[in-house]
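# sequence below, structure please.
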Amino acid sequence: MSLRAARAERSADETRERNNTTMNRKHRGNGPLIATRRPEEPPAAVARLGWRYHHLGIPHSDARPDEKYIDHLGIHVCGFETSPYGIEWIRFEAHCQVPALVKTTPHIAFAVDNLDEALRGQEVLIAPNAPSPGVRVAFIVDNGAPVELLEFTGADRRSTVSDNAAEQIVGGEAR
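Numbering: from 1, shown residues only. I've put the predicted structure just below:
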């Protein structure tokens with residue numbers, strides 16, 4: 001093989017390698033350039049930002065036999081403590097002061113190391129608040145869906161702190 005052919009083959013190999021290790025990029029509407037991912041790749045929030053899955057909150061309207069009522073928040077919750085997947089069912093009273101988007105659309109929640117840093121450049125739906133000792137919470141909106149971010153403080157920042165995750169979800173002031 002000639003030197004020129006060897007260089008061309010190496011260049012093609014490098015291009016293939018680069019394409020296999022970087023994500024394609026595209027625009028989301030009028031928004032910023034975003035990375036797309038292949039089916040086997042984790043979401044960027046996990047892979048690049050280091051956010052950790054915490055729970056999935058699902059609003060519902062029918063009473064469940066094992067739900068708990070949290071009077072000062074106006075919500076009924078169940079499932080968080082027992083679901084192996086972190087699924088929490090949430091039923092909202094009419095007087096509950098959270099945005100309609102949170103009351104009607106399931107949300108995913110991530111634990112983050114620094115809530116203020118995680119909120120930079122995001123569309124904030126519920127401002128940062130401290131609904132219980134050792135936790136700060138905020139909601140953002142991503143492509144029309146609510147996303148909850150939780151920052152835990154204290155000895156074990158990577159674990160869940162509260163016995164009642166619902167207080168973490170809606171403990172703050174809605175915007």
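
# report pLDDT for residue 155.
Per-residue pLDDT puts residue 155 at 53.

# what residue spans form the domains of this protein?
Following automatic domain parsing, the chain resolves into domains at 3-35, 44-170.

# pLDDT weak spots in the protein?
1-35, 155-175 (pLDDT under 70).

# if you set the cut-off to 90 instead, what comes out?
Scanning the chain with the threshold set as pLDDT under 90 gives 1-37, 65, 70-75, 80-81, 129-133, 154-175.

# quick one, strands of it?
25-27, 33-35, 52-59, 68-70, 75-78, 87-92, 107-112, 123-132, 135-142, 145-152 (DSSP state E).

# helices and strands around the longest one, which ones?
Secondary structure elements in contact with strand 123-132, counted by 3 or more Cβ pairs under 8 Å, 6 or more residues apart in numbering; DSSP states H and E, are helix 100-104, helix 115-119, strand 135-142, helix 165-170. For the C-beta atoms, the positions are set from N, CA and C on the backbone; glycine is no exception.

# mean neighbour count and distance to residue 43 for the strands of the chain - can I get that in a markdown table?
Shown next, in a markdown table, are those (neighbours: other Cβ atoms under 10 Å; distance: least, Cβ to Cβ, whole Å):
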| stretch | mean neighbour count | distance to residue 43 |
| --- | --- | --- |
| strand 25-27 | 9 | 15 |
| strand 33-35 | 12 | 10 |
| strand 52-59 | 19 | 10 |
| strand 68-70 | 15 | 30 |
| strand 75-78 | 21 | 25 |
| strand 87-92 | 21 | 18 |
| strand 107-112 | 22 | 9 |
| strand 123-132 | 16 | 17 |
| strand 135-142 | 21 | 10 |
| strand 145-152 | 21 | 11 |
